[in-house]
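Chemist: from the sequence below, what's the structure:
(one chain, ligands or ions: 2)
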Amino acid sequence: MIRQATILCAAAALAFAFAVPNGPIPAVFAAAPQQRSQAPGFYRMMLGDFEVTALLDGTHPSPDEEVLTHAAPDPAAPRTRLFAEDRDRALSLLAAADLPAPTEGSINAFLINTGKRLVLIDSGAGSLYGDCCGHLIENLRAAGYQPEQVDEVLLTHLHADHVGGIAPHGRMAFPNAVVRAGKADATYWLSAANEQAAPAFLHGMFEGARAALKPYIDQNKFRPIEGDEEIVPGIMARSAPGHTPGHSVYAVESKGQKLLVWGDVIHLGAIQFLDPSVTVKYDSDEAKAQAMRESLLAEAVRDRFWIAAAHISFPGLGHVGPAPIGFTWIPANYTTQLGTPSP
Ligand SMILES: [Zn+2]
Ligand SMILES: [Zn+2]
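Modeler: Ligands and ions are numbered 1, 2, ... in the order given. A predicted model of the protein is given here:
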């Protein structure tokens, strides 16, 4: 009896739910199509008075097996591929972060609005990495800016995934900007003699750097950075060679808050935070890159400043913490509390 009453009640409720002034809605419920697209690739935080916007250029399967290297027990011996020599350890480090190989790697860039200057640090791959990437401009627009508004483009180094976005298909993306990068990187990557002497897998990097910088050099808008220098008030370039000869990091500071935009200090966080001795075959000087990583990680833990990283999972903003072995990455806590913009 109770069961019959329940069924009657349910039927009455359904009839009520579908009763509309012009009659019942036809009982056809098509499944909503899946969208298969991601949210726009920007994420914002405030750093003192500066507005920092992380911009995603794209994600792509990272060739971890091919590029990660490590030192042999004999320090004089050349470095070997991590996955070839110690595959189980590499896979177990990835598994601890619930990641398969290859991992999906992010390419991030960072837009700093100081209130007086609009500064983009790194520019993504432009047209050099295919369809996966080169989405920086659309994400910059989605974030409320136009490429013409950018005053300065500061490059951490001249690898394709950092410089390519300044001139996709050879056309200037930031027509009103001055472009800067470490002088040692410009000297190295713009030299035909260095290209000839470099291993074949690097030749595309030379071509990419040359093509991307050309329109800016032609218009006298490329300025090599000589050493540690303040580029605009609150943004300081610091030489951090190793990954490339002129690799630079940029210290951004406002009202006592500090962010270090550190380019390619870390490529694969799941492995290199735990074991900073792991290098990549794209390092110009692997031992120097390792020493620079270890020193910057120790500094980041000691001074607790923010990090903005090119290849840590988007938005690549967070802090470095100590860990029983190596270090740990503490991603930024998501927030919509950014305060009221000044008029
Ligand atoms: Zn690089
Ligand atoms: Zn990179």
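
Chemist: doesn't Lys145 belong to a helix?
Modeler: Small correction: residue 145 is Tyr, not Lys. No. Tyr145 sits outside any helix when classified using DSSP: H, G, I helix; E, B strand; the rest coil, being coil.

Chemist: return the residues in contact with it.
Modeler: When contacts are counted by C-beta atoms under 8 Å, 6 or more residues apart in numbering, Tyr145 is found next to Thr53, Leu111, Leu118. C-beta coordinates here come from the backbone N, C-alpha and C atoms, glycine included.

Chemist: can you tell me how far it sits from ligand 1?
Modeler: Separation of Tyr145 from ligand 1 (C-beta to the ion, to the nearest Å) stands at 25 Å.

Chemist: check what pLDDT that residue gets.
Modeler: Model confidence at Tyr145, given as pLDDT, is 98.

Chemist: element containing the residue most central in space within the chain?
Modeler: Nearest to the mean C-alpha position of the chain, counting by C-alpha atoms, centre = their mean, stands Asn108 at 2.3 Å. For Asn108, the host element (DSSP states H and E) is strand 104-113.

Chemist: before we move on, the earlier item: my guess is the residue nearest to the centre of the chain meets Ile266, correct?
Modeler: No. Proximity of Asn108 to Ile266 does not meet the contact threshold set by C-beta atoms under 8 Å, at 11.6 Å.

Chemist: between those two, which contacts overlap?
Modeler: By C-beta under 8 Å, 6+ apart, Asn108 and Ile266 have these common neighbours: Ala309, His311, Ile312.

Chemist: surely the first one meets Phe110?
Modeler: The one in question is Ala309. No. The criterion here is C-beta under 8 Å, and Ala309 misses it with Phe110 at 9.4 Å.

Chemist: quick check on Thr279: phi, psi?
Modeler: Main-chain dihedrals, Thr279, degrees, to the nearest 10: phi -120, psi -180.

Chemist: how near is it to Glu230?
Modeler: 31 Å (C-beta to C-beta, to the nearest Å).

Chemist: the more surrounded of the two?
Modeler: Taking neighbours as other C-beta atoms under 10 Å, Thr279 and Glu230 compare with Thr279 leading, 25 against 10.

Chemist: how about the contacts made by the closest residue to that one other than its chain neighbours?
Modeler: Excluding its sequence neighbours, the residue lying closest to Thr279 (C-beta to C-beta, 6 or more residues apart in numbering) is Glu286, at 4.1 Å. Residues in contact with Glu286 (C-beta under 8 Å, 6+ apart) are Thr69, Ala71, Arg79, Thr279, Val280.

Chemist: who's the fourth one bridged to?
Modeler: In this structure, Thr279 has beta-bridge partners Thr69, where bridges are defined by DSSP bridges.

Chemist: that one and Met292 touch, don't they?
Modeler: No. Contact criterion C-beta under 8 Å: Thr279 and Met292 do not qualify, at 10.6 Å.

Chemist: assign the closest residue to ligand 2 within the stretch 51-200 of the chain to helix, strand or coil.
Modeler: Residue of the stretch 51-200 of the chain nearest ligand 2, by C-beta to the ion: Asp161 (4.4 Å). At Asp161, secondary structure determined by three-state DSSP is helix.

Chemist: over to Glu253?
Modeler: Glu253 - assigned by three-state DSSP - is strand.

Chemist: setting aside sequence neighbours, what's the nearest residue to it?
Modeler: Nearest non-adjacent residue to Glu253, counting by C-beta to C-beta, 6+ apart: Gly234, 5.5 Å away.
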